[in-house]
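Next input, structure requested:
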Amino acid sequence: MRKKEGKRKRLLPMLLVGSMAGAVIAGCSQQGGNAEGSTGGSSAAPTAAGESPAAEKALQLNIMLPIFKTNFPKDDSPVAAEIEKRTNTDIHFEWVPNASYTDKFNITLASGKLPDIMYVPDVKSPSFVNAAKSGAFWEIGPYLKDYKNLSQANPVILNNSSVDGKNYGLYRGRALGRNGVFFRKDWLDAVGLQTPQTIDDFYNMLKAFKEKDPDKNGKDDTYGMVMVKWTGQWASGFDTIKLWFGSPNKWGERDGKLVVDYDTPEYLEALKFMKKLYDEKLINQDFAIMDSAKWNDPLVNNQAGVIVDVVDGAARADDKIHAALAAAGKDQPDVHYMDVFGGVKGTDGQVHTLPTSGFAGLLAFPKSSVKTEEELKQILAFMDQLSEPEMQTLLGYGIENKHHTIVDGALEPSKDAALLESEVEGLNQMLSFIPEDKSTKVKQTPLRIKQTEVQKENEQLIVTNPAEPFISDVYTQKGAQLDNIMNDARIKFIVGQIDEAGFKDAIKLWKTSGGDDLTKEMNELYAASK
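Sure, this is the predicted structure:
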């Protein structure tokens, strides 16, 4: 990981923890805001460039983040430059395609050449747990109390994102009930169906989207649902769908004991359903290799109608459809092309939804690059400043009157999708949203209001993972191998390369490769937690 030429990291005396408690800093934002040039208070905040004749040298930072698009903001592009100006930093971004981020993370970790700030996709992954326990990352928990925003971190989420009770990074806060389904509402209307209420309704929607020409172009060129390669914390929608069939969320209690989801009949029924969708070409046949950066493209391009993912994806897809129509002079601004729901009634007649852990990965600080406590405090001050409302808006929606406008107090993003991709999108990946999203909000359209309502409703319907807080020694040592066995088997079963017997053979291999030991340890941890 190379730093920018000719620059050296300098210590900033103004950033000492606890100092400058009432300092005035240049403001910025993330979800839109009429705050360009405004100010906000933040303790231990970096000094703005040019603030005084004795302005400190810029803090140089290398940051490794995932990107969900094929285009991304370059170093010193307008918004990146504005971030640097307001925080007195010099930032190099290393963008990594999300679909391959886990592999890149592990390779980078093994190389020893680490950035100053590093996105960690899975805090429970063996590679990160081993590295954290061996002292590769700073434990930041004791420092948080000294910062205006970071001191307000949610204790439940801090626990969920900890390793043996210690926090080796800042969690990136997310809504607990964020997962669900979004779909082309205009397509559903075109095929004469209602929003699905049951698994059968969901299947019939996908089938109609393939067979009933929902875009009315007279061609057989559409299908139902888009799935992608990404298996990160969930398997591109499958981990939501399996709950509809009664599967546990990773681990579940059966007869007082914890069992892994793979080894339940409900999980197998969900797999059979996915295989049926694949066999009938209701999902994309290339899902096993499809890049998650292109996940929304088939919906926007009138190729497919459904995605099972975070429900706030609906408004983003809707915005892109409007942008494409506007470019063609055919937009209807008041029409919503997308709709959303949390889930369908499962085999027990109830709706079950997949919760988040309250966070989406960590932003961690390697000791090999952040060598001193003073440097860590500078970086934490930088992260604290990013939690100011104006900074959240800047990182999420760019510069006012260039990337967005403010109309009646609400933010309206530019319809220039290429501009946003090249200069804005992705920068919000380094926001912790601690204590919360405080940015100026986009116009609360009926679709966005419904998304929020669905997320709130989902919180009452979630299927919790009882093993969520546990750190397993077995998983730390063998987790990557165990996960690969079952990820591979799941894909092979869906595409027909193995049958039910082959899948059960994979479970046996999982058990003999360490799965039995993992199950034993998880049950011991579970018993001790009661």
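
Helix, strand, or coil at residue 92?
Taking DSSP: H, G, I helix; E, B strand; the rest coil as the rule, one finds residue 92 in the strand state.

List phi and psi for the closest residue to it other than its chain neighbours.
The shortest distance from residue 92 to any non-neighbouring residue, by Cβ to Cβ, 6 or more residues apart in numbering, is to residue 62 (4.9 Å). Every C-beta, even on glycine, is put in place using the N, C-alpha and C of the backbone. When read as degrees, to the nearest 10, the backbone of residue 62 gives phi -110, psi 130.

just checking, residue 62 touches residue 369?
Yes. Counting by Cβ atoms under 8 Å, residue 62 does reach residue 369; the two are 7.1 Å apart.

any idea of the mean pLDDT for the helix or strand containing residue 157?
In the assignment (DSSP states H and E), residue 157 maps to helix 155-160. In this model, helix 155-160 has an average pLDDT of 87.

Report all helices and strands that it contacts.
Counting contacts by 3 or more Cβ pairs under 8 Å, 6 or more residues apart in numbering; DSSP states H and E, helix 155-160 packs against strand 170-173.

Swap in 10 Å and give it another go.
Counting contacts by 3 or more Cβ pairs under 10 Å, 6 or more residues apart in numbering; DSSP states H and E, helix 155-160 packs against strand 170-173, strand 359-364.

Quick one: the helices in the stretch 301-450 of the chain, in order.
Under the criterion DSSP state H, counting those that start in this stretch, the stretch 301-450 of the chain contains helices at 313-327, 373-386, 389-397, 417-423, 446-458.

contacting residues for the residue nearest to residue 500 when sequence neighbours are not counted?
In space, and not counting its chain neighbours, residue 500 is closest to residue 268: 7.0 Å by Cβ to Cβ, 6+ apart. Shown in contact with residue 268 (Cβ atoms under 10 Å, 6 or more residues apart in numbering): 242, 245, 247, 262, 493, 500, 503-504, 507.

Quick check: which ranges of this protein have low pLDDT?
Applying pLDDT under 70 to the chain picks out residues 1-55, 232-234.

Would you quantify the distance from the residue nearest in space to the middle of the chain to residue 158?
By Cα atoms, centre = their mean, the chain has its centre lying nearest to residue 360, at 5.0 Å. For residue 360, the distance to residue 158 (Cβ to Cβ, to the nearest Å) stands at 15 Å.

now swap in residue 392 and tell me
Residue 392 sits 20 Å away from residue 158, going by Cβ to Cβ.

more crowded one of those two?
Taking neighbours as other Cβ atoms under 10 Å, residue 392 and residue 158 compare with residue 392 leading, 27 against 19.

surely residue 364 meets residue 129?
No. Applying Cβ atoms under 10 Å as the test, residue 364 and residue 129 come out as separate, 11.9 Å apart.

Need the overlap of contacts for these two.
123, 168.

Those two - which one has more neighbours?
Between residue 364 and residue 129, counted using other Cβ under 10 Å, residue 364 has the larger neighbour count: 25 against 22.

quick one: the nearest residue to residue 140 once chain neighbours are set aside from residue 364, how far?
Nearest residue to residue 140, sequence neighbours excluded (Cβ to Cβ, 6+ apart): residue 167, at 5.6 Å. Between residue 167 and residue 364 the computed distance is 10 Å (Cβ to Cβ).

Give me the common contacts of these two.
Contacts common to residue 167 and residue 364, judged by Cβ under 10 Å, 6+ apart, are 123, 132, 137-138, 140.

Could you identify the most distant pair in those?
Farthest-apart pair in the shared contacts of residue 167 and residue 364 is 123 and 138; separation 14.4 Å (Cβ to Cβ).

just to revisit the earlier point, if you look at the shared contacts of residue 167 and residue 364, which of them are in helices?
Residues of the shared contacts of residue 167 and residue 364 located in helices (DSSP state H): residue 132.

between the shared contacts of residue 167 and residue 364, which is closest to residue 460?
Among the shared contacts of residue 167 and residue 364, and counting by Cβ to Cβ, the member closest to residue 460 is residue 123, at 25.9 Å.

can you tell me which residues contact that closest one?
By Cβ under 10 Å, 6+ apart, the contact set of residue 123 is 129, 132, 160-163, 167-169, 171, 233, 357, 359, 361-362, 364, 471.

Buried among those? Make that a PyMOL selection.
Restricted to buried positions by 16 or more other Cβ atoms under 10 Å, the PyMOL selection for the contacts of residue 123 reads:
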select buried, resi 129+132+160+161+162+163+167+168+169+171+233+357+359+361+362+364+471
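
Export only the CA atoms of stretch 177-187, formatted as CSV.
This file holds the C-alpha atoms of stretch 177-187, laid out as CSV (Å, rounded to 0.1, in the frame of the first residue of the first chain):
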residue,chain,number,x,y,z
GLY,A,177,-34.5,-4.5,10.1
ARG,A,178,-32.8,-3.4,6.9
ASN,A,179,-33.2,-6.7,4.8
GLY,A,180,-36.1,-7.4,2.6
VAL,A,181,-37.3,-7.5,-1.0
PHE,A,182,-37.6,-4.8,-3.7
PHE,A,183,-39.2,-5.2,-7.1
ARG,A,184,-40.5,-3.5,-10.2
LYS,A,185,-43.9,-2.3,-9.3
ASP,A,186,-44.7,-1.3,-12.9
TRP,A,187,-44.0,-4.9,-13.9
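
if you count residues, which helix in the protein comes out on top?
Max-length helix for the chain by DSSP H is helix 473-495.

Off-centre distance for that one?
How far helix 473-495 lies from its chain's middle: 21 Å, per Cα atoms, centre = their mean, to the nearest Å.

buried stuff in that helix?
474-479, 482-483, 485-486, 489-494.

ditto for stretch 114-132
Across stretch 114-132, burial judged by 16+ other Cβ under 10 Å covers 114-129, 131-132.

One more: stretch 394-407?
Buried-residue list, stretch 394-407, by 16+ other Cβ under 10 Å: 394-400, 402-404, 406.

Residue 310 touches residue 68, doesn't it?
No. Contact criterion Cβ under 10 Å: residue 310 and residue 68 do not qualify, at 11.4 Å.

residues in contact with the residue nearest to residue 145 when sequence neighbours are not counted?
Among residues not flanking residue 145 along the chain, residue 151 sits closest, at 5.0 Å (Cβ to Cβ, 6+ apart). Residue 151 makes contact with 43, 143-145, 384, 434-435, according to Cβ under 10 Å, 6+ apart.

Equivalent analysis for residue 239, please.
Applying Cβ under 10 Å, 6+ apart, the residues near residue 239 are 179, 231, 233, 247, 249-250, 261, 270, 308, 354.

quick check, nearest of the residues you listed to residue 464?
residue 249 (6.6 Å).

Run a quick neighbour tally on that closest one.
22.

cool, and residue 329?
6.

so what's it up against?
Taking Cβ under 10 Å, 6+ apart as the definition, residue 329 has no contacts.

repeat for residue 165
141, 158-159, 469, 471 are the contacts of residue 165 under Cβ under 10 Å, 6+ apart.

Let me see the ranges of the strands in the stretch 201-350 of the chain.
Under the criterion DSSP state E, counting those that start in this stretch, the stretch 201-350 of the chain contains strands at 223-225, 251-254, 257-260, 304-310, 338-341.

helices or strands up against the first one?
Looking back up the chat, that one is strand 223-225. Looks like strand 223-225 contacts strand 179-184, helix 199-211, helix 265-279, helix 297-300, strand 304-310 (3+ Cβ pairs under 10 Å, 6+ apart).
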